[in-house]
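*Asks:* When you get a sec, could you give me coordinates for this:
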Amino acid sequence: MFKALVLEADTLIPKIVPQAIKSVEILEGDGGVGTVKLVHFGEGSQYKSVKHRVDAIDKENLTHSYTIIEGDALAGVLESITYHIKVVPTEDGGCICKNRSIYHTKGDVEISEEKIKEGKEKAVQMFKAIVAYLQANPDA
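*Replies:* Alright, predicted model coming up:
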């Protein structure tokens, strides 16, 4: 799951859920910490694109952090959104994916619970699609 979500996400996720993510291109860097990527959303998204910066990748502890630093998903009210992802292996060979999102607002703007819930639901849908793909293609 970590491999699909992080290490090979730029090519795998557009293949699995093209309606959500159309393509990802590296603007700066080599894919590691400090890399800046341009993510183009698919037809099913209300947004066009975002730039995000890779803040941390820890292959040993299965953690990844990145920050959306530019794009229409920030809706003019956010400075950035930072995501912390951790994949926790389970005894049955599966895993639990933990995702923490930190919204950095401009001024005193508040983000509604409805918007946060909407973002969580989209993330869950993407995780489920990745799981289904990996189950159908275990060598991917």
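
*Asks:* mind listing the strands in the protein by residue range?
*Replies:* For the chain, applying DSSP state E gives strands covering 21-28, 36-41, 49-58, 63-71, 78-89, 95-105.

*Asks:* which helices and strands does the fourth one pack with?
*Replies:* This points to strand 63-71. Strand 63-71 is packed against strand 49-58, strand 78-89, with contacts defined by 3 or more C-beta pairs under 8 Å, 6 or more residues apart in numbering; DSSP states H and E. Yep, even glycine has a C-beta here, placed from its N, CA and C like the rest.

*Asks:* and of those, who's closest to residue 10?
*Replies:* strand 49-58 (10.8 Å; C-beta to C-beta).

*Asks:* contacts for the closest one?
*Replies:* Here strand 49-58 makes contact (C-beta atoms under 8 Å, 6 or more residues apart in numbering) with 6, 27, 29, 31-41, 63-74, 82.

*Asks:* Strand partners (parallel or antiparallel) of that strand?
*Replies:* strand 36-41 (antiparallel), strand 63-71 (antiparallel) (DSSP bridges).

*Asks:* List the buried residues for the lowest-mean-pLDDT helix or strand in the chain?
*Replies:* Least confident helix or strand, the chain: helix 113-136 with a mean of 90, by mean pLDDT, DSSP states H and E. With burial defined by 16 or more other C-beta atoms under 10 Å, the residues of helix 113-136 counted as buried are 119, 126, 130, 131, 133, 134.

*Asks:* That's all I had, so thanks and see you.
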